[in-house]
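**Q** Return atomic coordinates for the entry below.
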Amino acid sequence: MVDNGALAVRAATETRYDVILMDVQMPVLDGLSAIRAIRDHERTAGRSPVPILTLTANAMPDHATRSTAAGADGHLTKPIRAATLLSAVTRAVDAPG
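**A** Numbers count the residues shown, from 1 in each chain. Now for the predicted structure:
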């Protein structure tokens, strides 16, 4: 867990995670910009992409579209039920890629 988007990018570039849960609204660097930076680093470093799920209170369809455009593998709206989160994580981790 990190306190802002810039630290999320740093953590994701220094450590390989099974899945990243990214809050969209974070200080210093927002979640979508952090996802773009992580995806850029993965491409530059030749790393396979880690599954990233966005978490947000923004439930409008365009918010999910923007998450996908940034490179997220899924978009979950708050409040999140445990079963929904576990299902999304399972799909993201098991997805081919």
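
**Q** what's near enough to touch Ala11?
**A** By C-beta atoms under 8 Å, 6 or more residues apart in numbering, Ala11 lies in contact with Val2, Tyr17. (Each C-beta comes from the backbone N, C-alpha and C, glycine too.)

**Q** can I assume it sits in a helix?
**A** Yes. Under DSSP: H, G, I helix; E, B strand; the rest coil, Ala11 sits within a helix.

**Q** gap between it and Val2?
**A** Distance, Ala11 to Val2, by C-beta to C-beta, to the nearest Å: 6 Å.

**Q** same thing with Pro79?
**A** In terms of C-beta to C-beta, Pro79 sits 21 Å off from Val2.

**Q** Name the residue in these two with the higher neighbour count.
**A** Val2 (15 against 7; other C-beta atoms under 10 Å).

**Q** Pretty sure that one sits against Val9.
**A** No. Using C-beta atoms under 8 Å, Val2 is not in contact with Val9, being 9.1 Å away.

**Q** doesn't Leu55 fall inside a strand?
**A** Yes. Judged by three-state DSSP, Leu55 forms part of a strand.

**Q** quick one: contacts for it?
**A** Counting by C-beta under 8 Å, 6+ apart, Leu55 has contacts Leu21, Met22, Asp23, Val24, Leu76, Thr77, Lys78, Ile80.

**Q** for the residues you listed, which one is nearest Ala69?
**A** Val24 (12.6 Å; C-beta to C-beta).

**Q** so how many other residues sit close to Thr13?
**A** 16.

**Q** Now it: closest residue in space, sequence neighbours ignored.
**A** His41 (4.8 Å; C-beta to C-beta, 6 or more residues apart in numbering).

**Q** Ramachandran angles for that neighbour?
**A** phi -60, psi -40 (degrees, to the nearest 10).

**Q** With Val24 instead?
**A** Torsion angles, degrees, to the nearest 10, at Val24: phi -70, psi -40.
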